[in-house]
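Trainee: Return a 3D structure for these sequence lines:
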Amino acid sequence: MYKKTRSKTKKGMVIIGLTLAVMFTSCDKMFEEISPAAESEWPWENVSPESQNIAAEDLERMAKYIENNKLGVHSIIIYKNGTIPFEEYYDPFNEISLHNLKSTSKGIISALTGIALEEGYIDNLNESIFSYLSDYDVDTTGKSNITIRHLLTMTSGLEWQENDLNSMYTFFVNKRIVKRTLNLPLIEEPGTTFNYNTGLTHLLSAIISEASGMSTLEFAQEYLFDPLEIENIQWDTDREGYYIGGSELFLTPRAMTKFGVMYLNGGEYKGRQIISQDWVIESTTTQVEGYTFGADIKYGYLWWLDIGNPLYSYIEDDNRYLAMGALGQRIFIHPELDAVVVITAEQSDESQCDILIRDFIMPALKLESRQDNN
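Mentor: Numbering: from 1, shown residues only. Down below sits the predicted model:
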């Protein structure tokens, strides 16, 4: 089994006790300071919204809405047509502030899985997860049928309730995430039922490490972060040294934007194919339909493609897709408009961040179509 060396492990949160206060404090760690401060390469010009036919008045309304409602928004970036027509940071945050992507990082785990497949570290998505995690003493009865594809589509069949005390304890106190996830009861046939489970994305991180012989961070740096010219990264690990898959990855908003633009461009960045276009298409095409958090959903490989709730009407289209994380982290990709929207926040009512996209940013981006209809 691959073991991460302590010299590479980021000093993370100190757990003193098992009280709920400590648990909540740990899982709400949302930003880090870069020391020494360094800014990654930023390849796009900052331009006016008007130059890209974006309605500045809608963005001004958004600014007033954020101020009037005292929203905990840290940054908003809009990319369009190879430019940055909107980039705003809210004091004390700036372009070199690292933010916890929370579940937005599942999009990155999806990308890394696709790279591992393309580079030959993983043979195929229909392999049993125990091809890579065989060292764990687990009753594999029925569970041996769980495949890498099932992890990507949240259809493992394992019993899990996201955001309950058990899942928080697994990630932020016990931190023996692989073993606890593998030991969950199997309550559904693998591949049949969608059940959102961050434990599964951590298994993907462990599989990437075992398959490649590198830590997930080292793998990501070689195949994703370095090609994207992303220099500033913090990532927490579990007790075994595996980097936490699906959460606790800290990047700057600009780094998030680069990742989103790469997907928008079919896996290409500055003329280099970082992820295959086939993987981008496959991972952002509906792979499973289900019901979660009170809504019917369509899901790709760790990307949200449709959520049957008016709050998410901005992704009601086959080609748009979203990576989203707790407290308002968002990477929204809109291919028809050649646009990417990134939000970082610490907003307890994170629906407010979706309101910003739905009620202000989307109308601003659609100025050109409104003009055409006049």
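Trainee: For residue 161, which non-adjacent residue is spatially closest?
Mentor: Excluding its sequence neighbours, the residue lying closest to residue 161 (C-beta to C-beta, 6 or more residues apart in numbering) is residue 167, at 6.8 Å. For the C-beta atoms, the positions are set from N, CA and C on the backbone; glycine is no exception.
Trainee: my bad, should have said residue 185
Mentor: In space, and not counting its chain neighbours, residue 185 is closest to residue 159: 4.5 Å by C-beta to C-beta, 6+ apart.
Trainee: list the contacts for the one you found?
Mentor: Listed by C-beta atoms under 8 Å, 6 or more residues apart in numbering, the contact set of residue 159 reads 184-187.
Trainee: Next, format these as CSV and append distance to residue 302 and secondary structure.
Mentor: As requested, the contacts of residue 159 are exported to CSV (distance: C-beta to C-beta, whole Å; DSSP: H, G, I helix; E, B strand; the rest coil):
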residue, distance to residue 302, secondary structure
184, 19, coil
185, 23, coil
186, 21, strand
187, 22, coil
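Trainee: now those residues as CSV including distance to residue 58 and neighbour count?
Mentor: Converted to CSV, the contacts of residue 159 look like this (distance: C-beta to C-beta, whole Å; neighbours: other C-beta atoms under 10 Å):
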residue, distance to residue 58, neighbour count
184, 45, 19
185, 49, 10
186, 49, 17
187, 46, 12
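Trainee: quick one on the thing from earlier: point me to the helix or strand that includes the residue nearest to residue 161.
Mentor: helix 165-169 (DSSP states H and E).
Trainee: same question, residue 331
Mentor: Residue 331 belongs to strand 329-334 when assigned by DSSP H and E.
Trainee: now could you export just the CA positions of that strand as PDB?
Mentor: Coordinates of each C-alpha in strand 329-334 appear next as PDB, following Å, rounded to 0.1, in the frame of the first residue of the first chain:
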ATOM      1  CA  GLN A 329     -17.800  27.300  -3.900                       C
ATOM      2  CA  ARG A 330     -18.800  27.100  -7.600                       C
ATOM      3  CA  ILE A 331     -17.200  26.400 -11.000                       C
ATOM      4  CA  PHE A 332     -20.000  26.800 -13.600                       C
ATOM      5  CA  ILE A 333     -19.200  26.100 -17.300                       C
ATOM      6  CA  HIS A 334     -21.500  27.500 -20.100                       C
END
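Trainee: Need the contact partners of that strand.
Mentor: Strand 329-334 is touched from outside by 99-104, 107, 256, 259-260, 263-264, 284, 314-315, 319-324, 339-345, 353-354, 357, 365, with contacts defined as C-beta under 8 Å, 6+ apart.
Trainee: What mean pLDDT does the next helix or strand after it get?
Mentor: Sequence-wise, the next helix or strand downstream of strand 329-334 (DSSP H and E) is strand 339-345. Averaging pLDDT along strand 339-345 gives 98.
Trainee: before we move on, the earlier item: ok, now how distant is the residue nearest to residue 185 from residue 330?
Mentor: 29 Å (C-beta to C-beta, to the nearest Å).
Trainee: same check, this time on residue 233
Mentor: In this view, residue 233 and residue 330 are 19 Å apart by C-beta to C-beta.
Trainee: Those two: who's more crowded?
Mentor: A count of neighbours by other C-beta atoms under 10 Å puts residue 330 above the other of residue 233 and residue 330, at 23 against 19.
Trainee: Look up which residues are beta-bridged to the more buried one.
Mentor: When assigned by DSSP bridges, residue 330 has beta-bridge partners residue 324, residue 343.
Trainee: tell me the pLDDT at it?
Mentor: pLDDT recorded at residue 330 is 98.
Trainee: Look up how far residue 273 lies from it.
Mentor: Distance of residue 330 to residue 273, computed by C-beta to C-beta: 26 Å.
Trainee: picking up where we left off before, pretty sure the residue nearest to residue 161 contacts residue 199?
Mentor: Yes: in terms of C-beta atoms under 8 Å, residue 167 counts as a neighbour of residue 199; the distance is 7.2 Å.
Trainee: shared neighbours of those two, anything?
Mentor: residue 160.
Trainee: neighbour count winner among the two?
Mentor: residue 199 (22 against 19).
Trainee: any idea which element the more buried one lies in?
Mentor: In the assignment (DSSP H and E), residue 199 maps to helix 198-212.
Trainee: For the helix or strand following that helix, C-alpha coordinates in PDB please.
Mentor: Counting by DSSP H and E, the next helix or strand C-terminal to helix 198-212 is helix 216-220. The C-alpha trace of helix 216-220 is given here as PDB (Å, rounded to 0.1, in the frame of the first residue of the first chain):
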ATOM      1  CA  THR A 216      -2.500  12.200  -5.500                       C
ATOM      2  CA  LEU A 217      -0.900  15.700  -5.100                       C
ATOM      3  CA  GLU A 218       2.300  14.600  -6.800                       C
ATOM      4  CA  PHE A 219       0.200  13.000  -9.600                       C
ATOM      5  CA  ALA A 220      -1.900  16.200  -9.900                       C
END
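Trainee: What helices and strands are in contact with helix 216-220?
Mentor: With contacts taken as 3 or more C-beta pairs under 8 Å, 6 or more residues apart in numbering; DSSP states H and E, helix 216-220 sits against helix 106-118, helix 198-212.
Trainee: what's in contact with the shortest one?
Mentor: If you take C-beta under 8 Å, 6+ apart as the criterion, helix 106-118 is touched by 101, 122, 124-125, 148, 152, 198, 201, 204-205, 207-208, 211-212, 216, 219-220, 223-224, 245-246, 249, 259, 263, 274-276, 279-280, 283, 300-303, 323, 325, 331.
Trainee: Tell me the buried residues in that helix?
Mentor: Within helix 106-118, the residues that count as buried by 16 or more other C-beta atoms under 10 Å are 106-118.
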